[in-house]
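Visitor: Give me a model of this one.
(one chain, ligands or ions: 1)
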Amino acid sequence: MNPTIKKMTEHVSVRDFTKQKITAEQKQALTAAAQSGSTSEFVQAFSIIEITDQTLRNELADITISSPHVKKADTFYVFVADLNRQASILKAHNQDLDSLKNMESLIVSIVDTTIAAQNMAIAAESMDLGICYIGSLRNNIKRVAELLKLPELTLPIFGMTIGVPAVKNQPKPRLPKVNQVATNSYDNQKFTDLSDYDAVVHDYYAQRKTNASDTDWSKKNLAIFKQIRRPEVTSFLKEQGFTL
Ligand SMILES: Cc1cc2nc3c(=O)[nH]c(=O)nc-3n(C[C@H](O)[C@H](O)[C@H](O)COP(=O)(O)O)c2cc1C
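Guide: Next comes the predicted model:
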């Protein structure tokens, strides 16, 4: 395993940071890494907004409910799926925006944004910084868009806290390859036979130093997906101009 892959396999989300500052050079490297990812047809359909204003940070942290570290992390970026640039080009050429509003363009922008964010995450971890994605911004996605003054055809997908780790959990055990990697076709039987993995995840949570609990992977997924989550995201997308 080379050092890059070793780092990737050691990933853990960090939610407790020291007060140490990230340098301007490090931030420059983080955004350069984010901007260097692959991007569908070179459309670069994302924007990155650093939140330096503490009042704004606090309001965003309150929206997340579950992620108070958004207030305290040295650096906080919000990642925005963004087709507004393309809209301005089309408008300047008197074209309608229908092609930007459909599900295909939305997927393109969300994928581009996610690739950029993960490039930033890997860059941060390569510098021994810790990161945590903050999807709970979508608890009130409309308010986030208002606070950040987001135009039509944009979507704040998640934030990312970055700082010097104070505490790191043990890496969470991932699905065994047999449950997730196949050759030539989908293996429904193997991919859904989760009993061995449930036992591994149960042990992980039982032995965890912080927030130990009696659960497993299936139980966690049941708790997450037994109800419809954030149904208002669909109406927000329509308000932002997407026809879906
Ligand atoms: C898109 C996305 C959104 C996430 N949102 C949050 C969040 O709002 N708050 C939080 O504490 N962790 C959040 N996480 C972190 C996940 O909970 C974490 O990645 C997962 O539990 C696996 O743990 P690990 O990253 O330590 O391996 C998010 C992760 C992703 C990829």
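
Visitor: Which helix or strand contains S67?
Guide: Using DSSP states H and E, S67 is not contained in any helix or strand.

Visitor: what sits against it?
Guide: Listed by Cβ atoms under 8 Å, 6 or more residues apart in numbering, the contact set of S67 reads 15, 61, 132, 134, 136, 161. Any C-beta I mention is one placed from the backbone N, CA and C, and that applies to glycine too.

Visitor: residues near K142, how many?
Guide: Neighbour count for K142, taken as other Cβ atoms under 10 Å: 16.

Visitor: go on, D112?
Guide: 24.

Visitor: hmm, back to that, and the ligand, which of the contacts of S67 reach it?
Guide: Restricting the contacts of S67 to those adjacent to the ligand (criterion: Cβ under 6 Å from any ligand atom) gives 15, 132, 134, 136.

Visitor: Tabulate those in a markdown table, adding columns for pLDDT.
Guide: Shown next, in a markdown table, are the ones next to the ligand among the contacts of S67 (pLDDT from 0 to 100):
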| residue | pLDDT |
| --- | --- |
| R15 | 96 |
| C132 | 98 |
| I134 | 98 |
| S136 | 97 |
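
Visitor: Would you check which pair of those residues lies furthest apart?
Guide: Using Cβ to Cβ, the ones next to the ligand among the contacts of S67 reach their maximum pairwise distance at R15 and S136, which is 11.9 Å.

Visitor: Which one of the two is surrounded by more residues?
Guide: Each of R15 and S136 has its neighbours counted (other Cβ under 10 Å); R15 has more, 23 against 18.

Visitor: Not counting sequence-adjacent ones, nearest residue to that one?
Guide: Excluding its sequence neighbours, the residue lying closest to R15 (Cβ to Cβ, 6 or more residues apart in numbering) is H69, at 4.7 Å.

Visitor: Tell me who's in contact with that neighbour.
Guide: 15-17, 61, 132, 161.

Visitor: what separates it from the ligand, distance-wise?
Guide: Counting by Cβ to the nearest ligand atom, to the nearest Å, the gap from H69 to the ligand is 8 Å.

Visitor: re earlier: out of the contacts of H69, which is nearest to K190?
Guide: C132 (31.3 Å).

Visitor: Confirm the closest one sits in a strand?
Guide: Yes: according to DSSP: H, G, I helix; E, B strand; the rest coil, C132 belongs to a strand.

Visitor: just for this structure, where's the confidence low?
Guide: In the predicted model of the chain, no residue satisfies pLDDT under 70.

Visitor: hmm, try it at 90
Guide: 66-68, 169, 208-212, 244 (pLDDT under 90).

Visitor: Which part of it gets nearest to the ligand, residue-wise?
Guide: In the chain, no residue comes nearer to the ligand than G135, which is 2.9 Å away by Cβ to the nearest ligand atom.

Visitor: Let me see the contact set for that residue.
Guide: 157-158.

Visitor: So which bits of the longest helix along the chain are buried?
Guide: The helix spanning the most residues in the chain, taking DSSP state H as the definition, is helix 103-126. Across helix 103-126, burial judged by 16 or more other Cβ atoms under 10 Å covers 105-106, 108-125.

Visitor: How about stretch 141-156?
Guide: Buried, per 16+ other Cβ under 10 Å, within stretch 141-156: 141-142, 144-145, 147-148, 150, 153-156.
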